[in-house]
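Trainee: Here's a sequence, model it:
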Amino acid sequence: MSWLIRGLGAFFALIAVYLVLMFGASESGEVVELITQDANGEQFTTRLWVADHDGAMWLRADSGSGWYQRLVQHDAQRPATLLRGDATYSITSTSYPEMVKTLDTLMASKYGLGDTVVGALGGGASTTGIAVKVQPIE
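Mentor: Okay, the predicted model is just below:
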């Protein structure tokens, strides 16, 4: 019976270590907040990494992520909101799957070890990844 208790203790300790590493890594560096709504109007705030390339802001998504599925439903008449530092942007987005490798390089350069840890523990988005170009509405 004591082996079961020790096994459960080790299991929960591993989960705790995983969560601490993921949270610590994902919150390292610059983090923006994306505010989207689902079809029922429920609002969601998602904290994400951002990279700048060719004068635009870029987000890295997994095609199955909830925030990405909600974001693509927003348009100029019903934009999403992006909070970056002290700036607030009403946005739409365009996806560029062919930019994923470039964006992976930009994220690795900007977030360093954090990007490596999140990719290793979270299963990186490279196989189903999408580079999302943020387009502020003026």
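
Trainee: tell me the pLDDT at Leu59?
Mentor: Leu59 carries a pLDDT value of 94.

Trainee: Kindly list the longest strand within the protein.
Mentor: Under DSSP state E, the strand in the chain containing the largest number of residues is strand 87-96.

Trainee: can you give me the strands in the chain?
Mentor: Counting by DSSP E, one finds strands in the chain at the ranges 32-37, 43-48, 51-53, 56-62, 80-84, 87-96, 129-136.

Trainee: Now the longest strand of the chain: average pLDDT?
Mentor: Mean pLDDT, computed over strand 87-96, is 93.

Trainee: Convert it to CSV, retaining C-alpha atoms only.
Mentor: Provided in CSV are the C-alpha atoms of strand 87-96 (Å, rounded to 0.1, in the frame of the first residue of the first chain):
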residue,chain,number,x,y,z
ALA,A,87,-1.8,49.9,-26.6
THR,A,88,-5.2,48.5,-27.5
TYR,A,89,-5.9,47.4,-31.0
SER,A,90,-9.1,46.3,-32.7
ILE,A,91,-8.0,43.6,-35.0
THR,A,92,-8.7,41.1,-37.7
SER,A,93,-6.2,38.5,-38.8
THR,A,94,-5.0,36.5,-41.8
SER,A,95,-3.4,33.1,-41.5
TYR,A,96,-0.2,32.3,-43.4
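
Trainee: report the angle between the axes of it and strand 56-62?
Mentor: 60 degrees (axes from the mean of the first three to the mean of the last three C-alpha atoms, to 10 degrees).

Trainee: Which other helices and strands does strand 87-96 contact?
Mentor: Strand 87-96 sits against strand 80-84, strand 129-136, with contacts defined as 3 or more C-beta pairs under 8 Å, 6 or more residues apart in numbering; DSSP states H and E. The C-beta positions use only the backbone N, C-alpha and C, and glycine is treated the same way.

Trainee: what residues does that strand touch?
Mentor: 59, 61, 71-72, 74-76, 79-83, 130-137 (C-beta atoms under 8 Å, 6 or more residues apart in numbering).

Trainee: Who does it pair with, and is each partner parallel or antiparallel?
Mentor: Note on strand 87-96: by DSSP bridges, its sheet partners are strand 80-84 (antiparallel), strand 129-136 (antiparallel).
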